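> Coordinates for the following, if possible.
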Amino acid sequence: MGSPPSDPLGPARPTPGYAAQHRDYVPPAPDPDVRPQPIVRHLVLFAATLVSTTFWGIGYYLGFAGGNGPISLTSPALYANGLWYSGAVLAILGAHEMGHYLACRYYRIDASLPYFLPSPFLGGTLGAFIRIRQPIPDKRQLFDIGIAGPIAGFLVAVPVLFVGLQLSGVIRAPTSGVVEEYGEPLLLKGLMSFVLGTPPEGYIVNAHPFVFAAWFGMLATALNLFPFGQLDGGHISYAVFGPRSIFLTYAMILAAIGLTVFSLSWLVWTGLLVVMMFMVGPQHPPTLDDDVRLGPGRLMIAGLALIILILCFTPAPLSIIEP
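Numbering: from 1, shown residues only. This next block holds a predicted model:
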């Protein structure tokens, strides 16, 4: 393995252009911060998110089971059935963030444990995140850390979706009232057709709570894979294209505005992207080896990430319709 010229003032560092001449050189990562993790706050946030998603899970299960009678809030079975959704959605989000976390630990990059975010809206959670407390010096490390989360979450969401569809059924479509219509990503459409076939005219799929958990996980995966700024997709696109990835960031802003015109359910996400761009800036932080290209193996995995984005994306995540 190549080593950069020695530096009498400190540890060896690459000179400009060194990485381009020695493509096997990997910039050394600094020693990780070994300060103790404040695990209590992680547990409190996880517990709060478990509660909020379980209450949403109760609603999903009652809708699935057709619960129109009186509800006993002291019934253990009520909360147990809420865990169908909450357990599955937290498993998907947890796998996603642990993918990032374990990749950081592998490369000795200091990172926090996952923070889960409870919410009274949006399925009971705003997702989860980890804090990376130091710069990522190498494009390969940046790529691996960025891609590990979406792949890990996707690998959990797919079996959850498959099992959920196995537990689902077909019922007659409602003829009155207001109905929430969830957009169907290509993956959901394909597996639904494979497992349940095409419902007859006047019938719809009665989705098990597992399906809603997988739907939320697919939406979170697609949003994170947007090639924007410092989202997972932004890390991946910077590792692939370098500073030119800024043009993808601008393109994603325009695409998000266009999606908002198509469906108002994109309004919040578009607003968040605009806020992030103005607060953090459109340019991704550089690495020490910006002039080094990724190898063909990682480029193939980047193509896989694009396929996952396409499979999980829906142009209209949520619509309100009246039969």
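
> ok, and the closest non-adjacent residue to the residue positioned nearest the centre of the chain?
Residue closest to the average C-alpha location in the chain (CA atoms, centre = their mean): residue 221, at 3.2 Å. Nearest residue to residue 221 in three dimensions, chain neighbours excluded: residue 312, at 4.8 Å (CB to CB, 6 or more residues apart in numbering). Bear in mind the C-beta positions are built from the backbone N, C-alpha and C, glycine included.

> Same check on residue 239?
residue 143 is the one closest to residue 239 (CB to CB, 6+ apart), at 3.6 Å.

> buried residues in the strand or helix carrying that neighbour?
In this assignment (DSSP states H and E), residue 143 forms part of helix 139-167. Judged by neighbour count using 16 or more other CB atoms under 10 Å, the buried positions of helix 139-167 are 139-154, 156-158, 160-161, 163-165.

> pLDDT on the helix or strand just after that helix, on average?
Remark: after helix 139-167, the chain's next helix or strand is strand 169-172, criterion DSSP H and E. The predicted model gives strand 169-172 an average pLDDT of 89.

> which strands and helices sit next to strand 169-172?
Judged by 3 or more CB pairs under 8 Å, 6 or more residues apart in numbering; DSSP states H and E, the packing partners of strand 169-172 are strand 203-206.

> pretty sure the residue nearest to residue 221 contacts residue 158?
No: the criterion here is CB atoms under 8 Å, and residue 312 misses it with residue 158 at 10.1 Å.

> shared neighbours of those two, anything?
Residues touching both residue 312 and residue 158 (CB atoms under 8 Å, 6 or more residues apart in numbering) are residue 187.

> Tell me who's in contact with residue 212.
Applying CB under 8 Å, 6+ apart, the residues near residue 212 are 60, 85, 89, 123, 164, 182.

> Sitting in helices, which of those do you find?
60, 85, 89, 164 (DSSP state H).

> and of those residues, the nearest to residue 285?
residue 89 (30.9 Å; CB to CB).

> Find the nearest non-adjacent residue to the closest one, please.
residue 213 (4.1 Å).

> surely the one you found meets residue 92?
Yes: if you go by CB under 8 Å, residue 213 and residue 92 touch, sitting 6.6 Å apart.

> What ranges does this protein have for its helices?
18-21, 39-65, 76-106, 139-167, 186-196, 209-224, 232-241, 246-262, 267-280, 296-312.

> by contact count, what packs against the last one?
In terms of contacts (3+ CB pairs under 8 Å, 6+ apart), helix 296-312 is packed against helix 139-167, helix 186-196, helix 209-224, helix 232-241.
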